[in-house]
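K.L.:
Next input, structure requested:
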Amino acid sequence: TRRKNGIIRWYQVRSNLFSRTKESHIITTLILDATERKNMDQELKLQAERLNLLSDVEGEHIFDYNAKSDVLLIKASKENAEEHDIIIPDFMQKEQYSYIFEEDKAFFIEFLEACMKSPKRDNLNVRMNLFESGYRWYRILGSSILGNEGYVTRMVGRITDIHEDKLKEIELEIKAEKDTLTQTYNKGATEHIITGILSDERNNHSDKLHALLVIDLDNFKAINDNLGHAYGDLVLSEAAGKMKDMFKGHDVVGRVGGDEFVIFMYDVEDVRNVYIIARKLCKLLSTKYPCVTGDIPVTSSIGIAVCQDPFPEYIDLFNQADAAMYVSKNSGKNGCTLYGDDM
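P.N.:
You can find the predicted model right below:
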């Protein structure tokens with residue numbers, strides 16, 4: 001039964017037929033308060049579930065969160081004598097989880113709230129600074145348990161250090177996105193990243209101005225034909241290196257074809273500034289390579305397209321910059337053109 005104050009009391013009811021006549025039945029009933037015993041049984045059940053969950057994780061970090069006391073306990077690994085148990089009081093009252101990496105806090109809070117809402121078993125990869133070891137990648141495997149009160153009162157599980165494996169995984173992901181020769185983003189990654197940026201800007205109704213540059217190296221075929229493809233690869237790597245040195249931060253540099261590159265300039269000051277930077281890039285990429293038949297000049301033709309809210313799709317922005325690039329190419333090369341009605 002639930003009392004007015006919300007506390008649940010358990011009772012054991014035993015009844016026996018004492019006597020019976022044609023007119024009536026007499027039944028004796030014994031009512032015992034079984035609350036303590038019930039709570040003990042429930043606690044034993046919780047302990048059994050914890051042992052079942054944690055029995056195979058010796059050497060890893062065990063955690064136990066008690067929602068009633070709002071205390072989190074993280075046990076130090078038995079294999080590392082330098083570690084010590086971490087006890088965090090008022091755990092759910094913490095507005096800032098200082099030991100969680102800033103970019104991972106939102107994911108951690110979402111994971112925690114979902115587990116405490118209803119009994120479930122879930123996992124999360126997150127960067128944390130535990131045991132004064134600096135930020136490392138950990139996998140949290142937790143199981144939230146429904147208490148006798150009718151809500152989640154406990155969460156137990158293990159925290160596994162996956163730092164080295166996670167770094168290898170990230171390295172492989174980066175390699176999958178990179179062009180092997182130039183170490184710029186490959187075509188697929190370039191489109192994916194810029195599409196994501198434009199989508200975010202569109203959803204947020206951003207007032208920023210962005211620009212897309214399409215760069216095609218002039219006379220590159222003459223390099224391959226006269227000096228060989230190996231030398232051509234060196235020319236591409238050198239050009240890409242100059243672009244990466246010039247564009248950093250939120251800018252995106254990618255190779256989308258044999259001698260064609262894309263640069264997404266994030267949050268530019270104005271159109272005039274974009275054109276000035278494009279001219280500087282043209283000058284930077286202009287190089288002469290010696291050949292027995294005479295120096296081969298490699299320059300660049302650049303097309304520029306700018307965008308603001310409402311932001312276009314990537315393919316539309318690319319087509320604009322690409323069309324402007326061909327205007328530069330057909331106008332004597334070694335120049336840049338801004339996409340517009342006067343092209």
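
K.L.:
For residue 231, give its distance to residue 219.
P.N.:
Separation of residue 231 from residue 219 (C-beta to C-beta, to the nearest Å): 13 Å. All C-beta atoms are positioned from the backbone trio N, CA, C, and that covers glycine.

K.L.:
swap in residue 27?
P.N.:
Taking C-beta to C-beta, one finds residue 27 at 106 Å from residue 219.

K.L.:
neighbour count winner among these two?
P.N.:
When residue 27 and residue 219 are compared for neighbours, residue 219 comes out ahead with 14 against 10, by other C-beta atoms under 10 Å.

K.L.:
Straight-line length of stretch 141-153, end to end?
P.N.:
End-to-end distance for stretch 141-153, by C-alpha to C-alpha, to the nearest Å: 17 Å.

K.L.:
which parts of it are buried?
P.N.:
By neighbour count on 16 or more other C-beta atoms under 10 Å, the buried set for stretch 141-153 is 141-145, 147-148, 152-153.

K.L.:
How about stretch 263-278?
P.N.:
Applying a neighbour-count criterion of 16+ other C-beta under 10 Å, one finds 263-266, 268, 274-275, 277-278 buried in stretch 263-278.

K.L.:
Tabulate the residues you listed (a markdown table), appending pLDDT and distance to residue 108.
P.N.:
Output for those, formatted as a markdown table (pLDDT from 0 to 100; distance: C-beta to C-beta, whole Å):
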| residue | pLDDT | distance to residue 108 |
| --- | --- | --- |
| 263 | 98 | 35 |
| 264 | 97 | 31 |
| 265 | 97 | 34 |
| 266 | 95 | 28 |
| 268 | 94 | 35 |
| 274 | 96 | 39 |
| 275 | 95 | 44 |
| 277 | 96 | 39 |
| 278 | 96 | 42 |
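
K.L.:
picking up where we left off before, which two among the buried residues of stretch 141-153 are spaced furthest apart?
P.N.:
The span of those, defined through C-beta to C-beta, is set by 141 and 148 at 24.5 Å.

K.L.:
neighbours around residue 200, how many?
P.N.:
Neighbour tally, residue 200, other C-beta under 10 Å: 11.

K.L.:
how's this protein carved up into domains?
P.N.:
What automatic domain parsing lists as the domains of the chain is 39-166, 178-338.

K.L.:
Just give me the lowest mean pLDDT stretch among those.
P.N.:
Comparing mean pLDDT across the domains of the chain, the weakest is domain 39-166, with a mean of 80.

K.L.:
re earlier: relative to residue 308, which of the buried residues of stretch 263-278 is nearest.
P.N.:
residue 268 (10.3 Å).

K.L.:
Contact partners for that closest one?
P.N.:
209-211, 274, 306 (C-beta atoms under 8 Å, 6 or more residues apart in numbering).

K.L.:
coming back round to it: from the buried residues of stretch 263-278, which ones fall inside helices?
P.N.:
For the buried residues of stretch 263-278, the ones inside helices are 274-275, 277-278, with DSSP state H as the criterion.

K.L.:
the helices in the stretch 151-300 of the chain, which residues?
P.N.:
For the stretch 151-300 of the chain, applying DSSP state H, counting those that start in this stretch gives helices covering 163-177, 187-203, 220-227, 229-246, 271-285.

K.L.:
In a markdown table, list these along with distance to residue 317.
P.N.:
Output for the helices of the stretch 151-300 of the chain, formatted as a markdown table (distance: least, C-beta to C-beta, whole Å):
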| stretch | distance to residue 317 |
| --- | --- |
| helix 163-177 | 20 |
| helix 187-203 | 7 |
| helix 220-227 | 24 |
| helix 229-246 | 18 |
| helix 271-285 | 13 |
